[in-house]
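K.L.:
requesting a structural model of the entry that follows:
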Amino acid sequence: MIYLYSLGVFTAVVVLLTIFLLLAEKFLADYGICEVSINSGERIFEIDGGGTLLSALSENEIFIPSACGGKGSCGYCKVSVLSGAGQVLPTETPYLTRKEIRSNVRLACQVKVKEKLDLHIPEELLNVKLYKSEVRLIRDLTYDIKEVCFSLLEPTEINFHPGQYVQVLAPGPDGDVFRAYSISSPVQVTDSVELNVRLVPGGIASTYIHNLKVGDPVTFTGPFGEWRLSEDPQSELICVGGGVGMAPMKSLIYSIYHRWPERTCWFFFGCRGTDDIFYLDEFKQLQTKHPNFHLYYALSDIKPGQVWDGEKGFIHLAVDKHVKTGSKRQAFLCGPPLMIEAVTAVLHEKGLNDADIFYDKFD
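P.N.:
Just a heads-up that it's a prediction; the model follows:
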């Protein structure tokens, strides 16, 4: 009984001390107006001190990737803070490499604005915009994946590279959150954005998106992402995806065949069973128009009663079977980490270097 009493007193003291420190910071620590300078004064704004750098940038329509709502648990909101940020915090070090720390890279959600800050932000992030849209189309692709298309209202046009993504704003129990989804529409479509969204049990954003109706308003930011497609039409492409890793592959494939009808592309897509197959008929139609488009779906867990006469086993085995060594090539991969690692090992054996391999991992 005494132990429980002591534990209760200790907990109460900790809670009261935490509240006191938060109130003290809010009311006693007056940092005044602080200046934020970006890219050697290319852009300058002033803001009340005390908030996070991520919030300060967002308030000034500079949208840095952040999937956790500024809680310091995703590691996406990296910016170079050249001066004014103080020492790197323990909450940041798990997400920063030694090289990034030496280069003054910080997590914007963990940096407090207390004095003048000098930042370096890549130009492409400065061009990211906040988009207002409405749902144009929703259709089921599988039992847990929906295709959702948003018509752009403001701005009315988006320009992006194949393989980039947007961050959808979704209401959560503790406030709005942003979640990242790869764009599945091709780059020549500029008045709308199409996504493939898998329903994650308990997922804030996926549940929100799966319950949208045609005409509902949706806000998102973008585009983000560093995939860069070679402009050389002689460079072959190897695209490998699994699950909702389909989205950037679909964007890449339809983008290249709109611009380079004769370009060679190898597309490998991994599924568990026949219930997980989608877009296969559309890709077969594309294959009839473009003989240099090589299409392989592979099923790794075929259930009794399911009929399949295509590739069987994990998708990296199909890549190993059909991709030969040689040729000038780029590879784009999107799927679970184990898939990415297995496919990357195969591609190395086929002669591709890390500089030629772009990937997005998801759990």
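K.L.:
ok, Leu117 - how many residues close by?
P.N.:
Counted by other Cβ atoms under 10 Å, the residues lying close to Leu117 total 24. To be clear about C-beta, it is placed using only N, CA and C from the backbone, and glycine gets the same treatment.
K.L.:
what about the closest residue to it other than its chain neighbours, neighbour count?
P.N.:
Distances taken as Cβ to Cβ, 6 or more residues apart in numbering place Gly84 nearest to Leu117, at 4.1 Å, with adjacent residues excluded. Using other Cβ under 10 Å, Gly84 is surrounded by 18 other residues.
K.L.:
quick one, what contacts Gly84?
P.N.:
Contacts for Gly84 were tallied using Cβ atoms under 8 Å, 6 or more residues apart in numbering; they are 114-118.
K.L.:
same question for Glu236.
P.N.:
If you count contacts by Cβ under 8 Å, 6+ apart, then Glu236 has 263-266, 327-330 around it.
K.L.:
so where do the strands sit in the stretch 251-363 of the chain?
P.N.:
All strands of the stretch 251-363 of the chain, identified by DSSP state E, counting those that start in this stretch, fall at 265-271, 293-299, 311-312, 329-335, 357-361.
K.L.:
determine which of these approaches Ala205 most closely.
P.N.:
Shortest distance between Ala205 and the strands of the stretch 251-363 of the chain, using Cβ to Cβ, is found for strand 357-361: 16.5 Å.
K.L.:
pull up the pairing partners for that closest one, direction included.
P.N.:
Counting by DSSP bridges, the strands paired with strand 357-361 are strand 329-335 (parallel).
K.L.:
filter the contacts of Glu236 down to the buried ones, ChimeraX style.
P.N.:
The buried residues among the contacts of Glu236 can be selected in ChimeraX (16 or more other Cβ atoms under 10 Å) with this line:
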select :263,264,265,266,329,330
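K.L.:
make a markdown table out of the contacts of Glu236 and add pLDDT and distance to Leu137.
P.N.:
Formatted as a markdown table, the contacts of Glu236 follow (pLDDT from 0 to 100; distance: Cβ to Cβ, whole Å):
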| residue | pLDDT | distance to Leu137 |
| --- | --- | --- |
| Arg263 | 96 | 28 |
| Thr264 | 96 | 31 |
| Cys265 | 96 | 26 |
| Trp266 | 97 | 29 |
| Ser327 | 76 | 38 |
| Lys328 | 87 | 38 |
| Arg329 | 92 | 34 |
| Gln330 | 95 | 31 |
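K.L.:
returning to what we had before: what is the nearest of the contacts of Gly84 to Gly41?
P.N.:
Using Cβ to Cβ, Asp118 comes nearest to Gly41 of those, at 8.7 Å.
K.L.:
which element, helix or strand, includes that closest one?
P.N.:
Element membership for Asp118 (DSSP states H and E) is strand 117-120.
K.L.:
any idea how far Asn353 is from the closest residue in space to Tyr257 that isn't next to it in sequence?
P.N.:
Distance criterion Cβ to Cβ, 6+ apart; nearest residue to Tyr257, sequence neighbours excluded, is His290 at 5.3 Å. Going from His290 to Asn353 by Cβ to Cβ, to the nearest Å gives 27 Å.
K.L.:
kindly report the same for Lys328.
P.N.:
Lys328 is 12 Å from Asn353, where distance means Cβ to Cβ.
K.L.:
which residues touch Leu237?
P.N.:
Applying Cβ under 8 Å, 6+ apart, we find Leu237 in contact with 229, 252, 256, 263-266, 329-332.
K.L.:
should've said Lys284
P.N.:
For Lys284, the contact set (Cβ under 8 Å, 6+ apart) comprises Leu295.
K.L.:
so what's it scoring on pLDDT?
P.N.:
We have a pLDDT of 97 for Lys284.
K.L.:
Phe314 too?
P.N.:
At Phe314, pLDDT is 94.
K.L.:
which non-adjacent residue is nearest it?
P.N.:
Excluding the flanking residues, the one nearest Phe314 by Cβ to Cβ, 6+ apart is Ser300, at 5.1 Å.
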